[in-house]
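> What follows is a predicted protein model with its sequence.
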2 protein chains.
Amino acid sequence: MSSSASTLNTLYLPELREMIATDDDASLREFVDALMPARVAEFMEGLDAVESWRVLQVADPERRVEVFGYFEPEKQTALVHALVGAGDADAISGLVADLPADDRVDLLRDVDDHVVEELIPLLPPDDRRETLRLRGFPEGTAGSVMTTEMVCLPEHLSVAEALTEISKQAQEVETVYYTYVVDDDRRLLGLLSARQLVTHYLNPNQLISELMQRDVVTVLAMDDQEAVAEKVADYDFLAIPVVDENRRLLGIVTHDDIIDVFREEATEDALLAAGVAPLENGYLKTHWFTLAYSRGIWLGVMFFAALLTAYALLRYEEGFDKVWWLVLFIPLVISSGGNSGSQSATLVIRGLNDGEVRLEDWRRVLWRELAMGLFLGAGLAIVGYGSALLLTRQAPEPHLSPTSYEMVVVPVTILLVVVCGTLCGGALPLLFQKLGLDPALMSNPFVAGIIDIAGIVIYMTVATAMIAGM
Amino acid sequence: MSSSASTLNTLYLPELREMIATDDDASLREFVDALMPARVAEFMEGLDAVESWRVLQVADPERRVEVFGYFEPEKQTALVHALVGAGDADAISGLVADLPADDRVDLLRDVDDHVVEELIPLLPPDDRRETLRLRGFPEGTAGSVMTTEMVCLPEHLSVAEALTEISKQAQEVETVYYTYVVDDDRRLLGLLSARQLVTHYLNPNQLISELMQRDVVTVLAMDDQEAVAEKVADYDFLAIPVVDENRRLLGIVTHDDIIDVFREEATEDALLAAGVAPLENGYLKTHWFTLAYSRGIWLGVMFFAALLTAYALLRYEEGFDKVWWLVLFIPLVISSGGNSGSQSATLVIRGLNDGEVRLEDWRRVLWRELAMGLFLGAGLAIVGYGSALLLTRQAPEPHLSPTSYEMVVVPVTILLVVVCGTLCGGALPLLFQKLGLDPALMSNPFVAGIIDIAGIVIYMTVATAMIAGM
């Protein structure tokens, strides 16, 4: 996708530095207040932690939190570390306390533990309790991405009373677009959208209990965040309520968190597909050693798969001595299988992810892949046969070029290997899903590794069968 | 991701069929009205076009459109085809007219042209004009995904007047969460969020021109939808206004469309990475032949890359005759390079997509990949050397196993090939980006193909250099 959104914006950088240098608070405040928070954060990208804090200080607390909220996670962490390091923990703790609960927890996940220990005691009691509670939910669960700041109202209110309540709470809550109607035990009774409220703006005495929709889709705090994201996307929700077993409202997951989940997911799947263990941060931000590790483990696994090909080839060594030209097509045979296999695996994995392919469809999938393998394999086989004939004609003396009958070994092998590739590639992700594993684990290089070996065995078996004296 | 959201829901299917069979409209209407539209659509998944239409008929027009909106695109198309086929174009045209403009256009993109030609004349004049206008925007642009149903108000209104206006329009527009303030030429003056309106519910006489934020982030109708999605995600918007060169408001792109863009993107990138040309629909829904084509072209490209390896091997044929054991490690050498290359390519491509890696970073990237290649390559080299020694000890007579010095060819090659892999994998996507191409085109099998050949050349060069009499 476009990376435009994030190319460093240095437009105001010189002016900002100038204002900071000359302690021109008036201009700084004007800069902070004039633009929308996201833009302010964007223009501050180039400033270091200390400079950024200097600018934030002139803003009123509310603005400060908004702008801070749009900083990159790394910048937020750096700022916290810098201030706490400078013994300014109090100053930052106020800001941390004002962050939306979920963002606060994310931030504290990133900063060093000793800093967390310093900050948490400085938070106001309820913020502290809430933070500790949210930190209790394992990463990747609905609980870990939910916010606890939403509008909750009792069902006996009228539209006018509700609007009044919301208008008072509007500054504290993360979204006013949904209002949650709960009983005295915070059990979720219904949902009221801002649209419904505004629609009934002209009959203010109607009771919200008559307007609210009672059939509310919810998720549990321990539900997987991907499942939650899928639900929100399928229903086009702006937020989804998170409840406990007793349907007590714990929090909500909002659309912006959902989009983040989808972006993380896309990256994670792409890395898995290339045999890289998921990364916490981006490519450049990840520590070199962490990166080496998350690449090394997979590379090692695939390397051992490849080693097996060497053993397989050893078994057939004599064959290669007798029939010199067999060697030439080893990579061709292997890659044909590997490539078609990766295609099938990826198609099926994506299908499973998007929910378009289901386990029940396994027969259809395998039939499709069989047909696909026969079709594509036949195509490659024909091209391969022609090229093989041409190629071996140019054999260096003293080699005698193989008969066109012997050469048929190549196309036959290609056909079989491609079919084997598409079938494995189609079947393995389904198998993984069936076993309750993430089908994405059946990553392309992994499938390719398996097919490499199969390819060699098929190749030499066909050769032994077709070539006299082998 | 979880596919739970979409596993066929057959809970009410028997009852529904029963109600249809017995023409029990009362129960049907109750079913349609009791649940929220998304759920109704979910429970109707199992019904065919005719049955579904039967159920929709009992619902009041507004409900009907909502439920229809949640059907899978395929189901919507099928329904339209069925009804128009049955000469019932009028019935369906009403429903099509009531769809949000962007959904209507999407739907008409999917149905057969002759059906479109039959439907468009049946639409009310403004809907027709609008539809034709939106169809004018090429797919993948902001214009093609925007909706034109939003609240637009003049700036002289008070909060109370604005709320009254919105409450009247609420049913027609797609979102009430943003109100757009425009002048008499529809030029965008400012943006007013429902939050701001609700916050000032208690001082109804304030002018919206004092509340609205004037610094509004906009996109142009011809902007790429991915760029738009990135912007919305970065700013945590619910919707973004689409304007023309004169800042006249044309429409808005809403959060649900943004999520769809991200999901499409994720799938598209994953397919590209495996060498499959992007698909319009899912794996099972795509016509077999289309699928064969979008796989075949890439498979063909990669096949020719692999053919080059055969030519390369032919050049070194004599070497293999003299040194029998070189053959064994061809796949090992090749796959080591290919795998590490795919890892690097994917990491850099993702980085570029997420905007974390920028072209300016090319030096850092290459240094990282060089170091990574040396580190990982050395690791694999050591393991490879050990295994190679063990392996060749088991050589079948009359072969004499190579000296441990000759064997050093294998680790040296592995090291060089892996470094070559990481460097190419890191550099090629940057190069593509630089050339203004989608870096994702530099898909893994493509990188692997290039490195396969490099691998063989490196392998045999090292061998010739190190082994006497080659």
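Arrived safely.

> Residue A:142 touches residue A:226, doesn't it?
No: counting by CB atoms under 8 Å, residue A:142 sits too far from residue A:226 to count as a contact (10.1 Å). Glycine gets a C-beta too; all of them are placed from N, C-alpha and C.

> give me the element residue A:192 is part of.
strand A:188-193 (DSSP states H and E).

> that older thread, compare residue A:142 and residue A:226 (neighbour count), which wins?
More neighbours surround residue A:142 than the other of residue A:142 and residue A:226, with 28 against 19 (other CB atoms under 10 Å in any protein chain shown).

> quick one, what contacts the more buried one?
A:219-225, A:228, A:242, A:253 (CB atoms under 8 Å, 6 or more residues apart in numbering or on different chains).

> Just the ones in helices from the residues you listed, please.
The helices, defined by DSSP state H, take in A:225, A:228 from the contacts of residue A:142.

> Report the buried members of the contacts of residue A:142.
Burial by neighbour count, 16 or more other CB atoms under 10 Å in any protein chain shown: within these this picks out A:219-221, A:223-225, A:228, A:242, A:253.

> Quick check: which of those residues are also close to chain B?
By CB under 8 Å from any CB of the partner chain, the members of the buried ones among the contacts of residue A:142 lying near chain B are residue A:224.

> how near is the residue nearest the centre of chain A to residue A:352?
With distances taken as CA atoms, centre = their mean, residue A:265 lies nearest the centre of chain A, 1.7 Å away. Shown here: residue A:265 relative to residue A:352, a distance of 13 Å by CB to CB, to the nearest Å.

> Residue A:129 too?
Counting by CB to CB, the gap from residue A:129 to residue A:352 is 40 Å.

> And the two? Which one has more around it.
Using other CB under 10 Å as the criterion, residue A:129 and residue A:352 rank with residue A:352 on top: 25 against 11.

> Am I right that that one is in contact with residue A:431?
No: look at residue A:352 against residue A:431 with CB under 8 Å: they stay out of range, at 11.4 Å.

> Disregarding flanking residues, what is the spatial nearest neighbour of residue A:372?
Spatially, and ignoring its direct neighbours in sequence, residue A:372 is nearest to residue A:422 (5.2 Å; CB to CB, 6 or more residues apart in numbering or on different chains).

> Sticking with that neighbour, tell me its helix or strand.
With DSSP H and E as the test, residue A:422 turns up in helix A:409-434.

> Show me what that helix packs onto, helices and strands only.
helix A:330-354, helix A:362-393, helix A:444-466 (3 or more CB pairs under 8 Å, 6 or more residues apart in numbering or on different chains; DSSP states H and E).

> So which of those is the most surrounded?
The highest average neighbour count among the helices and strands packed on helix A:409-434, using mean count of other CB atoms under 10 Å in any protein chain shown, belongs to helix A:330-354 at a mean of 29.

> does chain B sit close to that one?
Yes: counting by CB under 8 Å from any CB, contacts between helix A:330-354 and chain B involve A:330-332, A:334-336, A:338-340, A:342-343, A:345-354.

> For that helix, the averaged confidence score.
Here helix A:330-354 scores 88 as its mean pLDDT.

> do the same with stretch A:276-291
80.

> OK, contacts around the nearest residue to residue A:466 once chain neighbours are set aside?
Closest residue to residue A:466 in three dimensions, ignoring its sequence neighbours and counting by CB to CB, 6+ apart: residue A:409, at 5.2 Å. Applying CB under 8 Å, 6+ apart to residue A:409 gives the contacts A:326, A:459, A:462-463, A:466-467.

> cool, residue A:180 as well?
Counted by CB under 8 Å, 6+ apart, residue A:180 has contacts A:150-153, A:188, A:190-192, A:241, A:249, A:252.

> for it, helix, strand, or coil?
strand (DSSP: H, G, I helix; E, B strand; the rest coil).

> For residue A:58, the count of nearby residues, please.
21.

> try residue A:426
28.

> same deal with the one 4 residues further on?
Neighbours of residue A:430 under the rule other CB under 10 Å: 22.

> Report the separation between the residue nearest to it when sequence neighbours are not counted and residue A:269.
The spatially closest residue to residue A:430, leaving aside those adjacent along the chain, is residue A:362, at 5.1 Å (CB to CB, 6+ apart). Going from residue A:362 to residue A:269 by CB to CB gives 21 Å.

> same deal with residue A:111?
On the measure of CB to CB, residue A:111 and residue A:269 end up 28 Å apart.

> Please apply the same query to residue A:415.
For residue A:415 relative to residue A:269 (CB to CB), the value is 31 Å.

> Contacts only, for residue A:439.
Counted by CB under 8 Å, 6+ apart, residue A:439 has contacts A:348-349, A:352-353, A:429-430, A:432-433.

> closest to residue A:157 among those residues?
residue A:353 (42.1 Å; CB to CB).

> was I right about that closest one contacting residue A:438?
No: assessed by CB under 8 Å, residue A:353 is found out of contact with residue A:438, at 9.4 Å.

> Pull out the buried residues from stretch A:152-162.
Under 16+ other CB under 10 Å, the buried positions of stretch A:152-162 are A:153, A:157-162.

> what distance separates the start and the end of that stretch?
10 Å (CA to CA, to the nearest Å).

> What of stretch A:39-48?
End residues of stretch A:39-48 are separated by 17 Å (CA to CA).

> quick one: is it near chain B?
Yes: Stretch A:39-48 lies within reach of chain B by CB under 8 Å from any CB, at residue A:39.

> Who are the contact partners of residue A:430?
Contacts of residue A:430 (CB under 8 Å, 6+ apart): A:348, A:352, A:359, A:362, A:365, A:439.

> how does it look with 7 Å?
By CB atoms under 7 Å, 6 or more residues apart in numbering or on different chains, the contact list for residue A:430 reads A:348, A:359, A:362, A:365.

> Repeat that for residue A:108.
A:116, A:131, A:135.

> Tell me which helix or strand the second one sits in.
Going back to what we said before, that points to residue A:131. Judged by DSSP H and E, residue A:131 forms part of helix A:125-135.

> so residue A:388 makes contact with residue A:407?
Yes: using CB atoms under 7 Å, residue A:388 is in contact with residue A:407, at 5.3 Å.

> The nearest residue to residue A:294 once chain neighbours are set aside in helix, strand or coil?
Excluding its sequence neighbours, the residue lying closest to residue A:294 (CB to CB, 6+ apart) is residue A:277, at 3.6 Å. Here residue A:277 takes the coil state, with states given by three-state DSSP.

> how far away is residue A:277 from residue B:270?
17 Å.

> of those two, who's got more company?
residue B:270 (23 against 15).

> hang on, that one in a helix?
Yes: assessed with three-state DSSP, residue B:270 lies in a helix.

> Pull the contacting residues for it.
Counting by CB under 7 Å, 6+ apart, residue B:270 has contacts A:269-270, A:273, A:346, A:350.

> So residue A:450 versus residue A:119, what's the distance?
From residue A:450 to residue A:119 the distance is 49 Å (CB to CB).

> Sorry, wrong one. I was asking about residue A:391.
69 Å.

> Any chance of TSV for the contacts of residue A:180, columns distance to chain B and pLDDT?
Below are the contacts of residue A:180 laid out as TSV (distance: CB to the nearest CB, whole Å; pLDDT from 0 to 100):
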residue	distance to chain B	pLDDT
A:150	13	90
A:151	10	92
A:152	15	93
A:153	13	94
A:188	14	95
A:190	11	94
A:191	9	93
A:192	12	92
A:241	14	95
A:249	18	94
A:252	15	93
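
> Buried ones among these?
A:150-151, A:153, A:188, A:190-192, A:241, A:249, A:252.

> and the stretch 351-470 of chain A, which residues reach chain B?
Proximity of the stretch 351-470 of chain A to chain B, by CB under 7 Å from any CB of the partner chain, involves residues A:351-358, A:361, A:364, A:368, A:371-372, A:375-376, A:379-380, A:383, A:387, A:391, A:394, A:396, A:444-445, A:452.

> Perfect, I'm done here.
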